[in-house]
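1. Quick one, what's the 3D model for this:
(chains A, B, C and D)
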Number of protein chains: 2
Amino acid sequence: MKLSILNMPFKALSDPSRRKIIQMLKEKDMTAGEIADHFQMSKPSISHHLSILKQAELVIDERRGQNIYYSLNTTVFQEVVNWFFNMTDRSGGFENEKD
Amino acid sequence: MKLSILNMPFKALSDPSRRKIIQMLKEKDMTAGEIADHFQMSKPSISHHLSILKQAELVIDERRGQNIYYSLNTTVFQEVVNWFFNMTDRSGGFENEKD
DNA sequence: AATATATTTAGACGTTTATCTAAATATCTA
DNA sequence: TAGATATTTAGATAAACGTCTAAATATATT
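-> Numbers count the residues shown, from 1 in each chain, chains lettered A, B, ... in the order given. Now for the predicted structure:
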């Protein structure tokens, strides 16, 4: 079965830690270590969450020296927002929707 | 651990079948059987998905005779939309956010 | 080159999830 | 009340998920 492009972002956003990371990155770009410092979880676990957000293209990573900086990818984020907008508006036709 | 009220709706929306159900219910109220007819899945599986959407308070059910009608609960839906709005706007302070 | 720091990868483990079939419950109709 | 229809509940199973510790990789510093 062909899965919508939206499936990975929705799955990624279904975990509260990952939503918290997204909220943190909304404020400013952060390194993996800085992000991990805001959680009680181990660093490998945070790294795994970051990897899922990256696969979903909700975040972008970029190495600068020893650190890897994470930042929001607003493009894919906007597509998820659009799914909700389509849900909110009154024009018909779910058969035509992408997801 | 105290989990945000938003956790259940986000989890509920992480499954593509459940998102499709939401889209169908956006168009019109439907019985469990009508909904199931749009899927290849067994009826018990659809019933399970409906139960999760109901627990998340994204849908409401109401028996009318032999049928059980499902409809959208726009209230909780709006709260999820608000999460995205808060993410989109530029005012700071993720520390104060609820989820 | 050796050591320290930052981060990811690998592998294991228990939990949750999505699905199925079979059985139970609720309602309607003859 | 018996039988048909609509839906859910129960129980099983395989796959996906979230987490951990230990090890590997990449970069910087001395």
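2. ok, now which ones touch A:Asn73?
-> Taking C-beta atoms under 8 Å, 6 or more residues apart in numbering or on different chains as the definition of contact, the neighbours of A:Asn73 are A:Glu57, A:Leu58, A:Val59, A:Ile60. Just so you know, the C-beta spots here come from the backbone N, C-alpha and C atoms, and that holds for glycine as well.
3. In terms of pLDDT, where does A:Thr75 sit?
-> Each residue has a pLDDT score; the one for A:Thr75 is 93.
4. Report the secondary structure element holding it.
-> Counting by DSSP states H and E, the element that carries A:Thr75 is helix A:74-88.
5. pull the CA atoms of that helix into CSV?
-> Written as CSV, here are the backbone C-alpha positions of helix A:74-88 (Å, rounded to 0.1, in the frame of the first residue of the first chain):
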residue,chain,number,x,y,z
THR,A,74,8.9,24.6,8.3
THR,A,75,8.0,23.3,4.8
VAL,A,76,6.9,19.8,5.9
PHE,A,77,5.5,21.3,9.1
GLN,A,78,3.2,23.5,7.0
GLU,A,79,2.0,20.5,5.0
VAL,A,80,0.7,19.0,8.2
VAL,A,81,-0.9,22.2,9.1
ASN,A,82,-2.6,22.2,5.7
TRP,A,83,-4.1,18.8,6.5
PHE,A,84,-5.9,20.4,9.4
PHE,A,85,-6.9,23.3,7.3
ASN,A,86,-8.5,21.0,4.8
MET,A,87,-10.3,19.4,7.6
THR,A,88,-11.5,22.7,9.0
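6. tell me which residues of it are tucked away?
-> Of the residues in helix A:74-88, those with enough neighbours to count as buried (16 or more other C-beta atoms under 10 Å in any protein chain shown) are A:Val76, A:Phe77, A:Glu79, A:Val80, A:Val81, A:Trp83, A:Phe84, A:Asn86, A:Met87.
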